[in-house]
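In: sequence first, predicted model second:
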Amino acid sequence: MIEIYNKLLEELGEQQWWPAETPFEVVVGAILTQRTRWENVEMAINNLKEHNLLEPDALAKVDRSKLESLVKCTGFYRQKAERLQTASVYFAENLSTSEMPLENLRNDLLSLKGIGKETADSILLYALDRPKFVIDAYTARICKCLGISGGYDLLQERFENELPNDIAMFKEFHALIVNYGKEFCNKHKCDECLFLNQKNDV
DNA sequence: CACCAGGTTGACC
DNA sequence: GGTCAACATGGT
């Protein structure tokens, strides 16, 4: 696994994720970016900023249809508005999560409607600085090219077990995978793929 | 015009 | 356990 990381880092350089000013902005971005381009998420986040809604209390209380119009550009706007508000209620009630055991916190997040494994782990890693490796579609795809099969849990186990327990590296590695995927996967560039047919030294 | 984007859910088997 | 449509807008 570390070989993949080194290769990507060499190819792309440091990514410095997650782009956000506050942890709660990461939470909001993690929900809004589900199945959605990041550029659209940024527009929505700017809308929320202009209305001073990037804090749990304010976002939890804002009028639903107003919120829907502010996040419309991210698609799935009705469910995302609802999910933003349920997450906001949770974080308004739990201002500090730093004392909570990781798995309890993760289960809490997973119990919120609209927060599945990837979103929960993105929040844990990038907003709350917890050591959880985020698996996304690109990760699974690249792993498949490398001959590593498995669903979310299996892949996550492998990354977490085979890598040093380094939060900064988890952040950087996932960012590298996503940005690599955006550039090379899905664009008829398989011949330039760094990983295809390179099933050795994983 | 088709297809995709830093997924999740509920229905169905 | 797995698979599938629905969710909705904006970019290429």
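Out: Received it, and whenever you're ready, just let me know what you need.

In: host element of residue A:27?
Out: Per DSSP states H and E: residue A:27 is located in helix A:23-32.

In: show me what that helix is packed against.
Out: Counting contacts by 3 or more CB pairs under 8 Å, 6 or more residues apart in numbering; DSSP states H and E, helix A:23-32 is packed against helix A:38-50, helix A:77-93, helix A:117-122. C-beta: built from backbone N, CA, C; applies to glycine.

In: and what about the nearest residue to residue A:126 once chain neighbours are set aside, helix, strand or coil?
Out: In space, and not counting its chain neighbours, residue A:126 is closest to residue A:18: 3.9 Å by CB to CB, 6 or more residues apart in numbering. Three-state call for residue A:18 (DSSP: H, G, I helix; E, B strand; the rest coil): coil.

In: just residue A:14 next, same as before
Out: Classified using three-state DSSP, residue A:14 is coil.

In: residue contacts, the residue lying closest to it once chain neighbours are set aside?
Out: Excluding the flanking residues, the one nearest residue A:14 by CB to CB, 6+ apart is residue A:172, at 6.7 Å. Residue A:172 makes contacts with A:5, A:9, A:14, A:15, A:16, A:17, as judged by CB atoms under 8 Å, 6 or more residues apart in numbering.

In: which of the residues you listed sit farthest apart?
Out: A:5 and A:16 (15.3 Å; CB to CB).

In: which SSE is immediately downstream of the lowest-mean-pLDDT helix or strand in chain A?
Out: When each helix and strand of chain A is scored by mean pLDDT, DSSP states H and E, helix A:137-145 comes last, with a mean of 91. Counting by DSSP H and E, the next helix or strand C-terminal to helix A:137-145 is helix A:152-162.

In: and the angle for that next one with helix A:137-145?
Out: Using axes from the mean of the first three to the mean of the last three CA atoms, to 10 degrees, one finds that helix A:152-162 and helix A:137-145 are set 80 degrees apart in direction.

In: what number of residues lie near the residue of chain A found nearest DNA strand B?
Out: In chain A, the residue that lies nearest DNA strand B is residue A:116 (2.5 Å; CB to the nearest atom of the strand). Using other CB atoms under 10 Å, residue A:116 has 13 neighbouring residues.

In: quick check: domain ranges of chain A?
Out: Following automatic domain parsing, chain A resolves into domains at A:2-15+A:133-192, A:23-127.

In: find the nearest non-adjacent residue to the residue of chain A closest to DNA strand B, please.
Out: Distance criterion CB to CB, 6+ apart; nearest residue to residue A:116, sequence neighbours excluded, is residue A:110 at 7.1 Å.
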